[in-house]
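1. predicted model, plus sequence, below.
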Amino acid sequence: MSEPIRYLLVDDQPKDLRQIAKALELASNRRLKIEVAGPEEFAAMLSRIEHFRPDGLLLDNRLEEHPNKDGNRQVYRGTALAQQLRNQEVEPNTGAWVFPVVLLSFRQNIDQLYTPDRTVWDLFDLELDKNELMEGQNLALHSEQLVDLARGYQLLKDHREKATPREAFQAAILGSEVVVGDTDGRFLAYVSYPGIPCHVVAQIVIKGLLDRPGLLIDEPYLAARLGVDRHKSPDWHALLERLEPIRYQGVFGTGWKRWWSRYLEDWWHKLPGAPDDLRSLGALERVKFLSIALGLNGLVAATGGHAAARDRFWMECFGGQIPLDPADAVRVWERTEAKAWQEARYMSWWEAHAGAAGLKCHPSDEERLERLIRSHVRKVG
Amino acid sequence: MADETPNDLRSRLRALADDEQLDPGKLVELATEVAREDPSRAWFSIDAGLIDRLGLELVAKQETAVAELIKNAYDADALKVDATFVDCFKPGGTLTIEDDGNGMTRDELIDGFMRISTAHKIRQPTSPRLGRERAGKKGIGRFAVQRIGERLKLTTQTEEATEALVLEVDWSLFQPNRELATIPCSLSLGPPRKRGKGTTIEIQEVRDPWTDAEIRRTHRFVTGLLRPAWESAHQPNVASAISPASFEVDFLWTTKDKDFEVIDSDTILRESAVAEVVLDVVDGKIDAKLRFFKEAPGLEERLPLDGAEAPGLDGVNLRALYFLQLDVYVSKLSKRFLRDFLSEFGGIRFFRNGFRVPPYGDKDDDWLDLDSSQQKRIVLGQHRNQSFYGFVATKDPEGRLFAETSSREGVLETPEFKDLRALCKASLIDAATRVNNIRGKKTRAFGPPVARPTAAESLRGAAQDARNIASAMEQAAQAIHKLPIPPEEKQQLTDTLHQVGGEVTELAARVDVGADAEEARSAALLQEVDALRVLASLGMLVGEFAHEIRHILMALVADSKLLSDFGSQLTPAEVADIGVHVRDSVDGLRSLATYFDQAMADRAQRQIHPVDVRGAAQSFAQMVRRRLEADRIELTVQAAGFDLHSRPMHASEWTSILFNLLTNAEKAIQRARVRGRLLIKVVRDGANLVLRFADNGVGIPEKDRERVFEPFFTTSTQLGEAPDGTVVSGTGLGLKILRDIVAARNGSVELVTPPDGYRTCFEVRVPAQGGKNV
């Protein structure tokens, strides 16, 4: 077994965090080793981090809420420390400071103190909620992400130290040279801008490539586009194995499982006897074809989340986890606009109508939403 | 001597009568014997033992005996009586009762005091000079004397006499088998009394020991007669009008080695009264003052009616002491006396031409509508009859304005009498309101002075105004008859006035209905506010609990996840560690649950009961243990004494009080950047229960010391004090809520000097539960 990946977890209530740290370690099959520490004076904290040389840092934001064991209460928050760490990386000879920084806080604090402040959004590679971490498969997912973040940063750092040429660096990020040739030039230019520090590259990859659909799609999107109900289909994982060639193999690709969206259609068309246009088929037709073509009997067609829903699914509803036909979808009004190579996020018209999940229809889609609602009402009437 | 013949007896009698030094005692004795020998007639005779038997049978207790003697003084028009007990805590002491009454002439002494079963008091039902109703039972006084002590020395002197008359009685001579009439008592002339007229009864060789309690009880027995003298030096006309009322009894008792103690009813009344109403109508104008003895001693204010015209009430004098029977005003010794006294004699008596007119001011008589007004709760300050002691005197020699009814039960309801009533009632209520406003300012140190009339009060005022208008119209209608105008015009005018007057009266009635409704609404509202306050406490409690539970839950979830998902991978040491962790969390949840159950149970029963504040503070400390540990704050609970119960409250209210103080202190400690220390101290201070909550935080600057209790006053702007979302504390309402809770239970909260080593100290003061009731 290789050397464990060492994270330092800084929280003002270290006692409460030991169990969480242990859970993350175990979930990673002990690939992670997480040391929990209380906050210290700012300079002492930096010095401690420098000496610890962590592969990654987990940081609570409310470091000033409770005093440490010496009875001292800090005056800085996690965001301030993270900002300082990011600054350190830009200084010369600062290899020691290249590692992922992850926010580990309560959702409530994230929403209240972090989310409203645009200036801190780029500080953390990942934001984790202490409670949600323990739910469902999150522990496995996020421990994998922590492992992969550390590895990815190491990779970025290595290339940076080696001063890898641009094309090779792009290939290293995306996983292969072939992929680079097929990728939107704007993204490539953005991620390989000369001299940008590793954490900025990591940010561009995570927020520009992995976090939203566009060049890459995640598992729910993949399922929607193939018309498969992944939860009800026993053969879903067998299907995923067949799709392994089109899976993203670049940096952070283990922690964030993604598939190239343009290669998905290529893959479909290469299947023998494939109907011309994937998008024009309903879920049943897609699954029927896939079952025959791949010899998988355990695939179940997905269904929409509304009686009147159409089933040429292409995305997942941002509000609720259901596949969505573009004809039923309206754009979500998000706080950041999608980049040129990214897709917008969508929600069903009925959820937009109901104002579900606190989401709003994007202003540019408001007219469409009204038409959808009216036509539906007429149909029912 | 039974051998003597009737002739022998007669010759001895003759010889005795001829004797130069006639012994009247022997004469009586011999005459009685002569009478006995009469073969054809017989006489009743009285055995001297009767005195003893009467004393025992008529006067069961020695307290009653002394009370009887004091009543005799009252019947003799005394204004002041001193009862002095010298060495009476054991047999052999001397008890002296000295009055300044009318005294007795030689004849009165012999025919009255020394004559058994005299008809004297029956013939004269009222006292000769002041016309007092007789208080003493018929002729029991002298037997009372015999009952108490072996010997009696009675000194008496009338106004006209220049010397005192001294009677000395040795009760031991009054033995059975002796003829009563034959036992002589010494009667002599002595030097004039120092106090002039009056009677002094000196009872020597007290038979039974007296206890302190018996002496006090004796005083209470005569409470019914007491009439304090009124300060009236500046208005001599008042003195004459009220002199029949004045009757004071002072008790002193003394032993060789102990300073004497005094019960002086007049002093008790004066010292316990909060204020005095002094109202006189002079030349048709009202002169009305309110003098403060408490709260603002020496303050003299004009009452609202001052300066108003009252032509029909010329010469009226109103004097009333105002009492609030609160521990702050009444000393422990006087408390019971005052309560008994006011329950018997509270209210305002009516004197006409110096004589009391019953039933006005009798117990249970509410001629000024004070009790009924109190019940209506229009005016909130105490103004029952029992809150006052006083009189109103009028001068009306011809009996024109205040004519007595034929049954001699009260006076006719003349317009003057109605006016007198209204005047007294209004002045007394004004006085009560004023006193309570002044008090309100003081007791609710942080609240605005409450002086605004309620809507219902205003409505009732309007109704009263309307009624006054109606009665003025009625008077006008009467006056019309005297006008020199044609009868039909008179009739027309009168009719119009009657009609309009009727409508105004009706209007007043309608306004009253409105006032009733308004009052009911306010009462309901008050109840609602009370309920809301308790709910707010609970709401805060829930918020704080949710916060605590979230933390514990997080730990438990992590532990359970470790066990369920990775149990097989854990080392035994890791499992044991998790076990300890889980137990700690469960303990935390349990103490929260216990605490919460208690608070909710109280709420569910909608009950308030005395709260053991020490216990409340201790279980609170236990409940917030984890939270304080996280903040590394040390909390000490100290309590002095055992009986630390507050008056009935909701348990959740104490939680709320403590939580608010805690959050406040936590913030101050956070800001001070020190290792936090908290001290909760519970002590009893007289009638109050005091909880002090001290912290070593930043302290509160002088300029903010009052403002901290204002709603939304908060200094939470520093780093680390961002609102926590679920917690009420931090909104700037915490201390306001705290103050509301405490004020609703008649308590107070203020900042006091912190103990050494602390920077801030809040002091919560609430009435303590009486020791016996817990």
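-> Everything's here; your move. What you are looking at is a predicted structure, and each value in this text was computed from that prediction instead of being measured.
2. show me which residues of the host helix or strand of residue B:55 are buried.
-> Counting by DSSP states H and E, the element that carries residue B:55 is helix B:49-58. Neighbour-count burial for helix B:49-58 flags B:51-52, B:54-55, B:58 (criterion: 16 or more other CB atoms under 10 Å in any protein chain shown). C-betas here are computed from N, CA, C, even on glycine.
3. how about CSV for these, with pLDDT added?
-> Below are the buried residues of helix B:49-58 laid out as CSV (pLDDT from 0 to 100):
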residue, pLDDT
B:51, 82
B:52, 81
B:54, 79
B:55, 76
B:58, 73
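4. assign the residue of the stretch 201-350 of chain A found nearest chain B to helix, strand or coil.
-> Nearest residue of the stretch 201-350 of chain A to chain B: residue A:255, at 19.0 Å (CB to the nearest CB). Using DSSP: H, G, I helix; E, B strand; the rest coil, the secondary structure recorded for residue A:255 is coil.
5. residues contacting it?
-> A:141, A:144-149, A:152 (CB atoms under 8 Å, 6 or more residues apart in numbering or on different chains).
6. now do the strands in the stretch 501-650 of chain B.
-> All strands of the stretch 501-650 of chain B, identified by DSSP state E, counting those that start in this stretch, fall at B:609-612, B:634-639, B:645-649.
7. summarise which helices and strands the first one is packed against.
-> Using 3 or more CB pairs under 8 Å, 6 or more residues apart in numbering or on different chains; DSSP states H and E as the contact criterion, the elements in contact with strand B:609-612 are strand B:645-649.
8. need the next SSE after the strand it packs on, C-terminal direction.
-> Following strand B:645-649 in sequence, per DSSP H and E, is helix B:651-672.
9. C-alpha coordinates for that following helix, PDB please?
-> Below are the C-alpha coordinates for helix B:651-672, written out as PDB (Å, rounded to 0.1, in the frame of the first residue of the first chain):
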ATOM      1  CA  ALA B 651     -40.100  26.900  35.400                       C
ATOM      2  CA  SER B 652     -39.500  27.900  31.800                       C
ATOM      3  CA  GLU B 653     -39.400  31.500  32.800                       C
ATOM      4  CA  TRP B 654     -36.300  30.800  34.900                       C
ATOM      5  CA  THR B 655     -34.700  28.900  32.000                       C
ATOM      6  CA  SER B 656     -35.400  31.900  29.800                       C
ATOM      7  CA  ILE B 657     -33.900  34.300  32.400                       C
ATOM      8  CA  LEU B 658     -30.800  32.200  32.700                       C
ATOM      9  CA  PHE B 659     -30.400  31.600  29.000                       C
ATOM     10  CA  ASN B 660     -30.600  35.300  28.300                       C
ATOM     11  CA  LEU B 661     -28.100  36.100  30.900                       C
ATOM     12  CA  LEU B 662     -25.800  33.300  29.600                       C
ATOM     13  CA  THR B 663     -25.900  34.400  26.000                       C
ATOM     14  CA  ASN B 664     -25.200  37.900  27.100                       C
ATOM     15  CA  ALA B 665     -22.300  36.800  29.200                       C
ATOM     16  CA  GLU B 666     -20.900  34.600  26.400                       C
ATOM     17  CA  LYS B 667     -20.900  37.500  24.000                       C
ATOM     18  CA  ALA B 668     -19.100  39.700  26.500                       C
ATOM     19  CA  ILE B 669     -16.500  37.000  27.200                       C
ATOM     20  CA  GLN B 670     -16.000  36.400  23.500                       C
ATOM     21  CA  ARG B 671     -15.400  40.100  23.000                       C
ATOM     22  CA  ALA B 672     -13.000  40.300  26.000                       C
END
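10. list the helices and strands it packs on?
-> helix B:487-566, helix B:572-604, helix B:613-623, strand B:677-685, strand B:688-695, helix B:734-744, strand B:760-767.
11. kindly reformat those as TSV containing mean pLDDT and distance to chain A.
-> Output for the helices and strands packed on helix B:651-672, formatted as TSV (pLDDT from 0 to 100; distance: least, CB to the nearest CB, whole Å):
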stretch	mean pLDDT	distance to chain A
helix B:487-566	84	4
helix B:572-604	81	7
helix B:613-623	87	18
strand B:677-685	92	10
strand B:688-695	93	14
helix B:734-744	81	18
strand B:760-767	92	18
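12. what does chain A have sitting close to chain B?
-> A:13, A:16, A:19-20, A:22-23, A:26-27, A:62, A:64-67, A:69, A:71-73, A:75, A:77, A:108, A:112-113, A:130-131, A:134, A:139 (CB under 8 Å from any CB of the partner chain).
13. give me that answer again for 7 Å
-> Residues of chain A lying close to chain B by CB under 7 Å from any CB of the partner chain are A:13, A:16, A:19-20, A:22-23, A:26, A:64-67, A:71, A:73, A:75, A:108, A:112-113, A:130-131, A:134, A:139.
14. for the stretch 1-150 of chain A, just list every one of the strands.
-> A:5-10, A:32-37, A:56-59, A:101-105, A:126-129.
15. direction included, what does the second one pair up with?
-> Pointing back at strand A:32-37 there. Strand A:32-37 sits in its sheet next to strand A:5-10 (parallel), going by DSSP bridges.
16. can you list the residues that contact the partner strand?
-> For strand A:5-10, contacts defined as CB atoms under 7 Å, 6 or more residues apart in numbering or on different chains pick out A:17, A:21, A:31-37, A:39, A:49, A:52, A:54-60, A:63, A:104, A:146-147, A:150.
17. same question, stretch A:51-65
-> Contacts of stretch A:51-65 (CB under 7 Å, 6+ apart): A:5-12, A:34, A:39, A:49, A:73-79, A:81-82, A:96, A:99-105, A:109, A:113-114, A:146, A:149-150, B:719-720.
18. related to what we said a few turns ago, how about TSV for the strands of the stretch 1-150 of chain A, with mean neighbour count added?
-> Shown next, in TSV, are the strands of the stretch 1-150 of chain A (neighbours: other CB atoms under 10 Å in any protein chain shown):
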stretch	mean neighbour count
strand A:5-10	22
strand A:32-37	19
strand A:56-59	24
strand A:101-105	23
strand A:126-129	19
